[in-house]
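# Pasting the sequence and the predicted model now:
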Amino acid sequence: MAERVRVLHVTQPTQGGVAIYAMHAATDQVRRGWRVAVACPADGDLPTRLDSLAVPHVPWDASRSPGPSTLHEALSLGRIVRRFKPDVLHLHSSKAGLAGRLPCVANGTPTIFQPHGWSWLAAGDSQAESVLRWERFAARWRTD
């Protein structure tokens, strides 16, 4: 029997459209027999919904906005990735993309970044400029 595909979804929003999309994608993959988990903060309704659908989730303490805690969040996510050993890391939202691309490049995990919207459109002027610079830099990384 072939080994099951291992996918780790990562999302910071735990409510609303991004969380619902990640939940539906993970649920569909579980039905296909894949080994799937969702790394997300414990707040919001996503962890409860995942529990009710028998989709495993891993607590990932992450705030919504970038800031001094982002490095800690990236290191924490890197530990989660190393433990789960996904075949594919699927990053949902700008925050997951920011924190998740650092560890995935370091360990070579194939990664999908799906922003669901662009963070620089919602940020203030100085933050928007920094985020746009980061996205241009990180978009050049390849893990395949």
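Arrived safely, thanks for sending. No experiment lies behind these values; they were computed from the predicted model shown.

# Please identify the buried residues of whichever strand or helix holds Thr27?
Here Thr27 is covered by helix 16-31, with elements defined by DSSP states H and E. By neighbour count on 16 or more other Cβ atoms under 10 Å, the buried set for helix 16-31 is 18-19, 21-23, 25-27, 29-30. C-beta here means a position set from N, CA and C on the backbone, and glycine is covered the same way.

# who does the very next helix or strand once past that helix pair up with?
Sequence order places strand 35-40 as the next helix or strand after helix 16-31, per DSSP H and E. Strand pairing for strand 35-40, using DSSP bridges, gives strand 6-11 (parallel), strand 57-59 (parallel).

# for the longest one, the distance to its chain's centre please.
Computed by Cα atoms, centre = their mean, to the nearest Å, the chain-centroid distance of strand 6-11 equals 6 Å.

# low-scoring stretches of this structure, by residue?
1-2, 103-106, 116-144 (pLDDT under 70).
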